[in-house]
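*Asks:* quick check, what structure comes out for this input:
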Amino acid sequence: MAAVAPATAAAEVDVAIVGGGMVGASLAAALWGTGVRVLLVESVPFGTGAQPSFDERTTALGNASRRIFEAIGVWPAIGSEAAAIRSIHVSEAGRFGFSRLTASEQGVDAFGYVVANRAIGAALWQKLSSASAPQLLLRMPAHVQDLEIGDARVRFTLELGSGAAEQIVAQLVVAADGAHSQIRAAAGIAADVEDYDQVAVVANVATDRAHEGRAFERFTREGPLAVLPLHDGTWAVIWACRPAHAARLLSLDEAAYLARLQAQFGWRAGRFVAASRRGSYPLRLTRAATTVGVRTVLIGNAAQALHPVAGQGFNLGLRDAALLAEVLANTAGDVGSAALLRRFAQWRARDREGVVRFTDGLVKLFADHRPGMSLLRNLGLLMFDLAPPAKSALARVSLGFGGPAPRLARGLPVRHV
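*Replies:* Next up is the predicted model:
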């Protein structure tokens, strides 16, 4: 990887992106070559195990996300490690109802692609670190200190890993620093946090049967269980369950875990024969009160951190980044002006609100165990399986829930011609 540019006494940029995870790095890559002066700040050196955004967890990328990555030139590296989702099977444990969606029936090659976060991060940082554009400054590891957000500009100090400090002046600061965003807090933007009382237990597992591009979402009494295909022929398992159940799963040896998974999931994927080391993370819904403030924009998990059911969180954040890049790249004047930020927030509002309602509603619908609800859900799945228009609508979820589609998501250059 090319060396990060050395620090100077001071730097003036148009946009300072704080957070070099998948969404922040995607925004920087989308702005590369547009003439916008960009600073990307990341607290963890790339390539270390401490970077939570680029770990072995997996992400399901929708077709709009694939087109965005194609447009910014990183899809070949990502696609080589991605598994196509060619069918989706949805069911509820203990009930006979289920629904099936097949990509070929919807006129698409795949509903999406499952890829390790590590592969996405490597592709993005390879592009950024090899860029020769003087408009792009990379600072990692570095930490933002003494952030001052004024009406005319943003000022802060960067504490660099070398122990040196650098003063930064920017027209706009972008918070891409996750659900516990330091920038969101400094900007005075409140966030609501709803604890789902669930923990995701994740692992990669092998079976005695080829996955053939099949993906499964099984709703259990504890929470949703996703089994997703991986490019090496194994499966990614994301098992959302109550904290006590999660602790038991994490304490089991490999054979006991596989037996428990088999009993809960069934045999649709074959016999589970091996499992990687398991990891876990708590599940919460975090929603910022607004996605913009004075010379501040929130994207990705800093704006909204979602339950992984239906795999919509990163796709939503990537659309945030793609449309923000388009707005900034096609603005000749002040990229931090209040009018511009209001327009961006309005354009993203329908998609953001729609995805939040969709994912939150799914979690709560299948967590409702009042008498009769399970039967109603079961009938709903059966009716959905027989309704082609409903299937077509669900197949288009990855395109967003409304508002302008980013140019990058349509395969167009970020800048207007």
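*Asks:* and His231, how far is that from Ser80?
*Replies:* His231 is 8 Å from Ser80, where distance means CB to CB, to the nearest Å. For every residue, glycine as well, the C-beta is placed using N, CA and C.
*Asks:* among these two, which residue is more densely surrounded?
*Replies:* Taking other CB atoms under 10 Å, His231 and Ser80 do not tie; His231 has more neighbours (16 against 11).
*Asks:* my guess is that one contacts Gly79. True?
*Replies:* No: if you go by CB atoms under 8 Å, His231 and Gly79 don't touch, sitting 9.3 Å apart.
*Asks:* which residues of the stretch 301-417 of the chain fall in helices?
*Replies:* With DSSP state H, counting those that start in this stretch as the criterion, the stretch 301-417 of the chain has helices at 313-329, 338-366, 373-385, 388-395.
*Asks:* and what of the chain?
*Replies:* Along the chain, the segments classed as helices by DSSP state H run 22-31, 63-71, 75-79, 117-130, 182-186, 243-251, 254-265, 313-329, 338-366, 373-385, 388-395.
*Asks:* ok, Cys241 touching Phe219?
*Replies:* No: using CB under 8 Å, Cys241 is not in contact with Phe219; the gap is 11.6 Å.
*Asks:* make a markdown table from the helices of the chain and add distance to Ile149 to it.
*Replies:* A markdown table is the format used below for the helices of the chain (distance: least, CB to CB, whole Å):
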| stretch | distance to Ile149 |
| --- | --- |
| helix 22-31 | 18 |
| helix 63-71 | 29 |
| helix 75-79 | 34 |
| helix 117-130 | 25 |
| helix 182-186 | 7 |
| helix 243-251 | 37 |
| helix 254-265 | 48 |
| helix 313-329 | 18 |
| helix 338-366 | 12 |
| helix 373-385 | 46 |
| helix 388-395 | 41 |
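*Asks:* out of these, which is closest to Arg153?
*Replies:* When the helices of the chain are compared by CB to CB, helix 338-366 sits nearest Arg153, at 13.2 Å.
*Asks:* list the contacts for Thr102?
*Replies:* 86-87 (CB atoms under 8 Å, 6 or more residues apart in numbering).
*Asks:* redo that, cut-off 10 Å
*Replies:* Residues in contact with Thr102 (CB atoms under 10 Å, 6 or more residues apart in numbering) are 86-89, 108, 111, 213-214, 391, 395.
*Asks:* also Ala83?
*Replies:* Per CB under 10 Å, 6+ apart, neighbours of Ala83: 58, 60, 110, 112-115, 211, 213, 215, 228-236.
*Asks:* emit the PyMOL select command for whichever of the residues you listed are buried.
*Replies:* Buried subset of the contacts of Ala83, written as a PyMOL selection, criterion 16 or more other CB atoms under 10 Å:
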select buried, resi 58+60+110+112+113+114+115+211+213+215+228+229+230+231+234+235+236
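*Asks:* so which of the helices of the chain is nearest Ile299?
*Replies:* The nearest among these, by CB to CB, is helix 313-329 at 4.0 Å.
*Asks:* okay, angle between the closest one and helix 22-31 too, please.
*Replies:* 30 degrees (axes from the mean of the first three to the mean of the last three CA atoms, to 10 degrees).
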